[in-house]
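Novice: Requesting a structural model of the entry that follows:
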Amino acid sequence: MRFKQQRRGSPLPEVNLVPMLDVLMVVLTFFIIVSMTLTFQQGVEIQLPSNAASPSPQAEPNFVVVRLDAEGQLSFDEQPITEAELPAQLEAFLETQPESYVILQADDELPYSQVVDLLGKMKDLGGDRVSLAVE
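Specialist: I've put the predicted structure just below:
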């Protein structure tokens with residue numbers, strides 16, 4: 001087997017970089033344009049406060065507390081009531097005060113199912129204006 005002998009005076013092969021740089025510039029331009037179009041689509045509209053006079057402070061909303069003690073006795077706004085009287089009291093309160101809400105405050109010793117049943121009955125009457133007190 002015979003190998004070609006390189007001549008000592010032969011020039012080294014050259015790599016033409018101009019076409020490779022043209023391709024890189026096109027790819028770079030493509031990514032710049034794509035990133036610019038994506039940033040315009042991700043805007044969030046906000047309303048900044050103005051220097052106008054501040055609005056009047058809102059009145060504190062009314063609420064009533066329905067308590068359920070460890071013996072299962074209900075009280076509506078500190079007045080003892082029965083479970084049968086609760087729907088009428090609740091509906092009357094919510095109709096007379098449309099901006100008000102109702103808080104159920106149950107004793108820690110009660111079974112969870114009993115509290116959830118009462119809360120469900122109250123939510124059927126008051127909708128999203130009824131909530132459960134955590135502590």
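Novice: How about the secondary structure of the residue lying closest to Asp107 once chain neighbours are set aside?
Specialist: Spatial nearest neighbour of Asp107, chain neighbours left out: Ala70 (4.4 Å); criterion: C-beta to C-beta, 6 or more residues apart in numbering. Placement of C-beta: from N, CA and C, glycine included. Secondary structure for Ala70, judged by DSSP: H, G, I helix; E, B strand; the rest coil, is coil.
Novice: Can you give me the neighbour number for Ala70?
Specialist: Using other C-beta atoms under 10 Å, Ala70 has 10 other residues around it.
Novice: Met122 now?
Specialist: 21.
Novice: now the one 5 residues further on
Specialist: Neighbouring residues of Gly127 were enumerated by other C-beta under 10 Å; the total is 10.
Novice: Alpha carbons only: can I get stretch 123-135 in CSV?
Specialist: Provided in CSV are the C-alpha atoms of stretch 123-135 (Å, rounded to 0.1, in the frame of the first residue of the first chain):
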residue,chain,number,x,y,z
LYS,A,123,-75.3,28.0,52.2
ASP,A,124,-78.5,26.8,50.5
LEU,A,125,-80.1,29.9,51.9
GLY,A,126,-77.3,32.5,51.8
GLY,A,127,-75.1,31.3,48.9
ASP,A,128,-71.6,32.8,48.9
ARG,A,129,-72.5,35.2,51.8
VAL,A,130,-72.1,32.3,54.3
SER,A,131,-68.8,31.3,55.7
LEU,A,132,-67.3,29.2,58.4
ALA,A,133,-65.2,30.8,61.2
VAL,A,134,-61.8,29.1,61.6
GLU,A,135,-61.1,30.1,65.2
